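Participant: Could you work out the structure for the sequence below:
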Amino acid sequence: MDNNELEKKISENGDEEKKHGDVKDKKKQLGGVRTMPFILANEACDRFAAAGFHANMITYLTHVLNLPLVKASNTLSNFAGTSSFTPIIGALFADSFAGRFWTIAVGSFIYVLGMVAITISASLPQLRPPPCPTQENCVEASDLQLWILYLALLLTSLGTGGIRPCVVTFAADQFDMSRAKTESRKWNFFNWYFFCMGLASLLALTVVVYIQDNVSWSWGLGIPTIAMALSLIAFVLGSPLYKKIKPGGSPFIRVTQVIVAAVRKRASVPPSDPAALYQNRDLDADISINGTLLHSNQFKCLDRAAISLETDMKGSSGQPNLWRLATVHRVEELKTVARLLPIWAAAILQAACHSHISSFTIQQARTMDRHLSPSFEIPPATMSVFSTLTVVLVLPLYERLFVPMARRLTRNPAGITCLQRMGIGFGISILVSMVSALVEIKRKAVATDHKLVDRPTAIIPISAFWLVPQYFLHGLVEVFAAVGHIEFLYDQSPESMRSTAAALYWIAIAIGNYVSTLIVTLVHKYSGERRNWLPDRNLNRGRLEDYYWLISGIQAVNLVYYVICAHFYKYKSLQEFTQEDEGDVEFADYRNALLVLDDRDIENRDDHQVERFGGIRGKN
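Facilitator: Residues are numbered from 1 along each chain as shown. Here you go, the predicted structure:
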C-alpha cells in the first residue's frame, strides 16, 4: 500500500470515528430534565382530566342520570377496570413496534375524542333524564342516553391504554437509570413523578369539581378536555428533544418462543455449568441495551430452551431457530417476569378494597355537614383532595427526611427496598378500612339521634371532616404501596418489557376494580332486603360499616400472602454496561427480601463470578 492509499485509509477511518463521535454526542444531548415539561404535561393533563371527571362521576350518575347507588358504583368500577386493563394493549404496541412516543401521541388523541364526547353528552339536555332533586321516584337515564355515555367512556379507556403504560417509562428513559446513577442521585424519579401527578389531581379536585357542582357540568368537563388537547400539542412539539428507545419486538412472542423451546427439549438435561448455555450478545442487542440478564438458579426447567443442539441452527446461516433455541438473556426475561407476578398479584386485592374511596365515601360526605364557613360548602367529591394533599405533602418529606434516616439504619441508598415500601403501604391500607367503619358507625349514630335515618337527602349534623383521617391514610397508602409498586415493576422487569411492566400496574388496578364489583354485587345480593349492607337509595338504612369490616379482613389475609411472597422473592441479576466503556460491566445481584436479607444465593454463586464482578452488591 503506497503513502496516498494509506493517507486515504487513515482519513476515512478518522471521518468514521468523527461521525460515530458526533452520533454519540447527539445521543447524550437528548433527554434529560428539559424534556420533563413536555412529557409530564401530557400525563399531568391526563391525571387532571381523569381526576376532575372520575372524582365526581358518582354524583353525575346518581344525581344527573338518576342511577341507583349500586348500579352507579358498579358502572364506575367497571369503567375504571376497563381503563386500567387497556394499558396492556398500549404496552404491546409500544414494546413491539410503535415505540413509546407514538403510542402516547395516538393514545392522547383518542382520549381527547372521548373527552369531547363526554362534554357533549353533559351539555345537551336531550342526553339526560329529567332532574330529580328529591331523589325519590326518579326517572333513570334511557338506554340511548347510557349508550352515548358508554361510548365516550370507551374512547377515554382506549386513549388511557396508550398513555398510562408509556408515559412513566418514557419519562424514565430520558434519564440514566443504571444502578450507579440511581444510587448516586439524591432524588427518586418515581417520587417526583407521583408528586407532579398529585398536584394535577389536587387542582382538578378543587377547581374542576367546584365548577361541576356550582357552575355546570358542561364547563366542569370542558376545561379538562381543553387541557388535554393542549397537552397533546405540547407533547408533540417536544419531539426533537426526546431520547427514543427503539422497540425490540414483541415480548410476548419472545416469552412464547422460550416456552416452546423448553417444551421441545423437555427430555434434555441442562448442563451443570451455566456457561455452557447458549448466549448471543449480537442477537440480544436490541433488547439488552443497558445490560444482560445473568443466569439464575430458579425455574431451571426453562434452561432447557438455551441448550444448543446442531438441529437448532438455520442451515448454513448460523442463525438460531428461536422456536428451538433461546439465549440465556431471553430465558432470564421469562424467569424475571415469573418471579415478580406473585408480588404483582398482591396489589389486586389491595386495589379492590380501596375502590370504594371514589363512591361510598363520597356518598357519606354528601349526607354530612361540609361547610367551611356559613357561606362556603365543600363539594362531596372534593373531599378526595385530602388524600391527594397527603401525597403531595408527604412525598417530599419521604424523600428528604424518611430516606436519610432509614439509610442510616439499613445502609440501603434508597432507605428501604421497594418490597418493604409496598409492605408498609399494605399494612396502612388495613387501617383505612377500619377507620372507615368506625366513622360510618359514628355518622349513623348521629343520624339516629336526630331522627334523620329515613331522610336520605337530609344533612346530618356531623362534620364531613370526620372522613379526613381515612383520606389521609389512603394518601399514605399511595405514597408507600403505589409508588413502591410501580418502581418495583420498572426496576425488576427486563428493560425491553418496561412498558408491559407499567401496564401490569394498571392491570392490577383493573382486576381489582372488577373484583370490587363482584364483592359489592354479592354483598348487595346476599346481605338481606330489610337491612341490606349497601342499599340503593338510603345509605342511613344500610350497614356500610359491616362492608368495611369485611374489606379489612380481606386485606389482612392479603398482607400475610404478600409478606410470604416478598420473603422468598429473588431480585434479578444484571450485568450492566457503562456508557464510558462498553467493555466494562457492573454486576448487580439484587438480594433483599421484605424483612430479612437472604444470603443463601450469595453462597451458591461461583467464587470466580464474584471475583470477576468485584463482589455482590444489593440494590433496592
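Participant: Return the residues in contact with the residue most central in space within the chain.
Facilitator: Centroid-nearest residue in the chain, with C-alpha atoms, centre = their mean: residue 505, separated by 3.7 Å. Applying C-beta atoms under 8 Å, 6 or more residues apart in numbering to residue 505 gives the contacts 347, 485-486, 489. From N, CA and C alone the C-beta is placed, and that goes for glycine too.
Participant: I'd like to know how far it sits from residue 406.
Facilitator: 24 Å (C-beta to C-beta, to the nearest Å).
Participant: now the helices: where do they sit in the stretch 151-300 of the chain?
Facilitator: 179-184, 189-203, 209-214, 217-237, 251-264 (DSSP state H, counting those that start in this stretch).
Participant: so residue 232 sits right up against residue 104, yeah?
Facilitator: No - using C-beta atoms under 8 Å, residue 232 makes no contact with residue 104, being 9.1 Å away.
Participant: higher neighbour count, the two?
Facilitator: residue 104 (27 against 22; other C-beta atoms under 10 Å).
Participant: looking at this, that one is in a strand?
Facilitator: No - using DSSP: H, G, I helix; E, B strand; the rest coil, the assignment for residue 104 is helix, not a strand.
Participant: got the contact list for the closest residue to it other than its chain neighbours?
Facilitator: Counting by C-beta to C-beta, 6 or more residues apart in numbering, residue 166 is the residue found nearest to residue 104 once chain neighbours are left out, at 4.9 Å. By C-beta under 8 Å, 6+ apart, residue 166 lies in contact with 90-91, 94, 100, 103-104, 107, 499, 502.
Participant: buried ones in stretch 382-401?
Facilitator: 382-392, 394-395, 398-399 (16 or more other C-beta atoms under 10 Å).
Participant: what does that stretch rub up against?
Facilitator: Under C-beta under 8 Å, 6+ apart, the answer for stretch 382-401 is 51, 55, 187-188, 191-192, 194-195, 198-199, 201-202, 205-206, 209-210, 357-358, 361-362, 365, 370, 464, 467-468, 471-472, 474-476, 478-479, 483.
Participant: Can you tell me which of those are buried?
Facilitator: Applying 16+ other C-beta under 10 Å to those flags 51, 55, 188, 191-192, 194-195, 198-199, 201-202, 205-206, 209-210, 357-358, 361-362, 365, 370, 464, 467-468, 471-472, 474-476, 478-479, 483 as buried.
Participant: on that earlier part again, so which of the contacts of residue 505 comes closest to residue 314?
Facilitator: Nearest to residue 314, judged by C-beta to C-beta, of the contacts of residue 505 is residue 489 at 35.2 Å.
Participant: distance between stretch 353-370 and the chain's centre?
Facilitator: 24 Å (C-alpha atoms, centre = their mean, to the nearest Å).
Participant: wait, stretch 100-119
Facilitator: 19 Å.
Participant: average pLDDT for that stretch?
Facilitator: Averaged across stretch 100-119, the pLDDT comes to 88.
Participant: Would you mind writing the CA trace of it as CSV?
Facilitator: Taking C-alpha atoms only, stretch 100-119 is exported to CSV below (Å, rounded to 0.1, in the frame of the first residue of the first chain):
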residue,chain,number,x,y,z
ARG,A,100,-43.5,4.8,23.4
PHE,A,101,-43.6,8.2,21.7
TRP,A,102,-46.1,7.3,19.0
THR,A,103,-48.2,5.2,21.4
ILE,A,104,-48.5,8.1,23.8
ALA,A,105,-49.4,10.5,20.9
VAL,A,106,-52.1,8.3,19.4
GLY,A,107,-53.5,7.4,22.8
SER,A,108,-53.8,11.1,23.7
PHE,A,109,-55.6,11.9,20.5
ILE,A,110,-58.2,9.1,21.2
TYR,A,111,-58.5,10.3,24.8
VAL,A,112,-59.3,13.8,23.6
LEU,A,113,-62.1,12.4,21.3
GLY,A,114,-63.6,10.6,24.3
MET,A,115,-63.5,13.7,26.5
VAL,A,116,-65.2,15.7,23.7
ALA,A,117,-67.9,13.1,23.6
ILE,A,118,-68.4,13.2,27.3
THR,A,119,-68.6,17.0,27.3
